[in-house]
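This is the structure alone, sequence omitted:
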Ligand SMILES: [Cu+2]
């Protein structure tokens, strides 16, 4: 058939083909994002996401949103500006969390026997939903970066607290106090992850006393805004058709 | 059309491969037996493990065993390795096949990193509770920041039973006893499933109608604004408000359910108490040392001076966990791992007791296949070709005295 002829003969057929197309693209997008985002997140968020005894109120709160707002920003840029589809961030997080859960369940638990209650991934969904909604309602990259990026950073800690709080209950252990999460890290031996590489409770936010989590979250939210801009541009550039030869 | 379909199918397959690769990309390593591949000088000139005792060879799931002994922090610590200022007493096992119920240095619990002093000797103990059945090589291990893991001798321990019966009861400061093996698990699954479900509903809402093709056409036609309806906006607003409300509700109900929480605990433990060793009365000078490659034997010429008041004999040379014994003086009764024990590996040209106040120069040969098997002979390829080890002398009453040696080593190939 030549390029000038239509590939379909009726409207019904066109709708059917279009639907097939939807699923193929969505499926591909989902898994491509899953693969790329998963590797990115493991290399940048890594241990902070792997172990409960790394999920502290300073660094985890700061690092996780900053390194995870990347792909959502880029995929949003593609799906919104080309299709007005407002689920770029959520689709990314769905892919990432599926990949993380497969990894934690099959490798960490199934292969190496770390209990799942010690190595589950962080929850990134609340921020992603708000990020998508803000872009949709405002149709503005700048407002999405500022309001959405801010929300993404701020919602992270409270969004995870219902899962983490039970692990922050203190225990007395042979004359020392620790949290249950610390105890998990001590009990479930990680030969390759000695205690000293754990980066928790470090930093200079000492003047805020015990209320350091909100301060860390705000800091993270500000950096998330900047990272959002950067990756939104990446996404726009990547979704361009400049590289495709026009016919 | 078919061409495009094929292309998309092909791309999907590539995507699937990428996914699988990503999932496989990281698994916490389940390595044992790193001991042999570690540079020989790392094992000979850093931490010397001795007097090791594995309390059991076979242990049932939920039962405990201990690994105890001493380690000497070598004073001639190599330049190429960071000093053990931040170190962690670990245990070399393939993943959490045991849980570490306790670990002590000099009687102090060490769940965190510690500072060790060069030249000191410390007593340690690790209490393990069996979790997963199998035969496991259980190594002593010290992680040193900037130096990596320093792995000590390993012994095979068999765990019997089933992992399903393993429990890990812990009593919190609030008085509740929980099973840390499964604690908080259903709560974790619940929240993750809930948010994942909400995310799926959001994407499902948009994907219920054809998406890419008609939307692309509309965009090209300049009708972008028609793609988001007033209804869509209401739904989206509902999602955002709902999300924030659920997060707020989750936060407050969690705080009500867990009013007492503490931050993660971290920080360096200093002031580990070393063992007080009795004053040293035996002096050893290494005149020369050679390693004969074909004979798998190390030969040292030692001048031994006994300044004590009882005659002494050399009974053992210990380096990198390999023990060379002179059976006429000293035999092992602790069940030390066979592959690391050369029961007749030490021969001394004249090992008659050295009387108090006298001095003697002797030829000492430490020979065993362990030099090869444990790749200690590789130290001749190290950047700083020196050897080090512990010599144990025994007096007439059976008292033991430990002397460190540290000297250059010259290989001979004929
Ligand atoms: Cu081993």
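The structure has been received and is ready for your questions. Keep in mind that this is a model prediction, so the values were computed, not measured. Numbering: from 1, shown residues only, chains lettered A, B, ... in the order given.

Return the set of buried residues in the top helix by length along chain B.
For chain B, the helix with the greatest residue count under DSSP state H is helix B:230-257. For helix B:230-257, the neighbour count (16 or more other Cβ atoms under 10 Å in any protein chain shown) marks B:232, B:235-236, B:239-240, B:243-244, B:246-247, B:250-251, B:254 as buried. For glycine as for every other residue, the C-beta is placed from the backbone atoms N, C-alpha and C.

ok, and the closest non-adjacent residue to residue A:47?
Excluding the flanking residues, the one nearest residue A:47 by Cβ to Cβ, 6 or more residues apart in numbering or on different chains is residue A:54, at 5.1 Å.

burial of that neighbour, as a residue count?
22 (other Cβ atoms under 10 Å in any protein chain shown).

thinking it is in contact with residue A:48, fair?
Yes. Using Cβ atoms under 8 Å, residue A:54 makes contact with residue A:48 at a distance of 4.8 Å.

Need the overlap of contacts for those two.
A:60, A:199 (Cβ atoms under 8 Å, 6 or more residues apart in numbering or on different chains).

what bits of chain A have low per-residue confidence?
Where chain A drops to pLDDT under 70, the residues are A:1-7, A:202-210, A:242-247.

Try it again at 50.
Along chain A, segments meeting pLDDT under 50 span A:1-3.

which residue does it bring closest to the ion?
Closest residue of chain A to the ion, Cβ to the ion: residue A:191 (10.8 Å).

part of a strand, is that residue?
No. According to DSSP: H, G, I helix; E, B strand; the rest coil, residue A:191 belongs to no strand; its state is coil.

Which helix or strand lies directly C-terminal to the longest strand seen in chain B?
As assigned by DSSP state E, the longest strand anywhere in chain B is strand B:148-160. Going down the chain from strand B:148-160, the next helix or strand is strand B:169-171, by DSSP states H and E.

What is that next one packed up against?
strand B:177-179 (3 or more Cβ pairs under 8 Å, 6 or more residues apart in numbering or on different chains; DSSP states H and E).

contacting residues around the residue nearest to residue B:196 when sequence neighbours are not counted?
Using Cβ to Cβ, 6+ apart and skipping the chain neighbours, the partner closest in space to residue B:196 is residue A:97 (6.1 Å). When the contact criterion is Cβ under 8 Å, 6+ apart, the partners of residue A:97 are A:121, A:123-125, B:192, B:196.

Kindly recompute the last result at 10 Å.
A:34, A:37-38, A:121-125, A:128, B:192, B:195-196, B:199 (Cβ atoms under 10 Å, 6 or more residues apart in numbering or on different chains).

The closest residue to residue B:182 other than its chain neighbours sits in which helix or strand?
Leaving out its chain neighbours, the residue that sits closest to residue B:182 by Cβ to Cβ, 6+ apart is residue A:117, at 6.6 Å. Using DSSP H and E, residue A:117 sits within helix A:116-119.

Buried residues, the next helix or strand after that helix. List them.
Once the chain leaves helix A:116-119, the next helix or strand it forms, by DSSP H and E, is helix A:125-138. Residues of helix A:125-138 classed as buried: A:125-137 (neighbour count, 16+ other Cβ under 10 Å).

Helix A:125-138 and chain B in contact?
Yes. Legend: contact between helix A:125-138 and chain B by Cβ under 10 Å from any Cβ of the partner chain is shown at A:125-137.

any idea how far residue B:129 is from residue A:106?
Note on residue B:129: its distance to residue A:106, by Cβ to Cβ, to the nearest Å, is 25 Å.

How about residue B:387?
Using Cβ to Cβ, one gets 45 Å for the distance from residue B:387 to residue A:106.

Between the two, which has more neighbouring residues?
More neighbours surround residue B:387 than the other of residue B:387 and residue A:106, with 25 against 13 (other Cβ under 10 Å).

secondary structure class for residue B:404?
Going by three-state DSSP: residue B:404 is strand.

The closest residue to it other than its chain neighbours: what's it in contact with?
Once flanking residues are discounted, residue B:404 sits nearest to residue B:390: 6.2 Å by Cβ to Cβ, 6+ apart. Residue B:390 sits next to B:48-50, B:72, B:74, B:121, B:316-319, B:323, B:402-405 when contact means Cβ under 10 Å, 6+ apart.

Most neighbours out of those residues, which is it?
Neighbour-wise, these (other Cβ under 10 Å) top out at residue B:323, 27 neighbours.

Quick one: end-to-end distance for stretch B:217-224.
Using Cα to Cα, to the nearest Å, the end-to-end distance of stretch B:217-224 comes to 9 Å.

Next, the buried residues of it.
B:218, B:224.

looking only at pLDDT, what's the mean for it?
Mean pLDDT, stretch B:217-224: 84.

follow-up on the earlier one: please settle this for me: is the residue nearest to residue B:404 part of a strand?
Yes. Counting by three-state DSSP, residue B:390 is found in a strand.

how far out from the middle of the chain is stretch B:351-370?
Relative to the centre of its chain, stretch B:351-370 is centred 35 Å away, using Cα atoms, centre = their mean, to the nearest Å.

Now find how far off-centre the helix holding residue A:117 is within its chain.
18 Å.

Mind giving me the packing neighbours of that helix?
Applying 3 or more Cβ pairs under 10 Å, 6 or more residues apart in numbering or on different chains; DSSP states H and E, we find helix A:116-119 packed against helix A:46-50, helix A:180-187, helix B:185-207.

how about the helices in the chain?
All of this refers to chain A. Under DSSP H, chain A gives helices at A:11-44, A:46-50, A:59-68, A:70-83, A:88-102, A:116-119, A:125-138, A:141-143, A:149-164, A:180-187, A:212-238.

Can you look at chain B instead?
Under DSSP H, chain B gives helices at B:2-25, B:40-44, B:185-207, B:212-220, B:230-257, B:370-373.

Which of those sits closest to residue B:143?
helix B:40-44 (12.4 Å; Cβ to Cβ).

The closest one - contacts with which helices or strands?
Applying 3+ Cβ pairs under 10 Å, 6+ apart, one finds that helix B:40-44 makes contact with strand B:148-160, strand B:312-319, strand B:386-395.

ok, now which ones touch the residue nearest the centre of chain A?
Geometric centre of chain A, nearest residue: residue A:68, 4.0 Å, by Cα atoms, centre = their mean. By Cβ under 10 Å, 6+ apart, the residues touching residue A:68 are A:37, A:40-41, A:44-45, A:49, A:89, A:92-93, A:96, A:122, A:124, A:127-128, A:152, A:156, A:224, A:227.

Right, I'll call it a day here.
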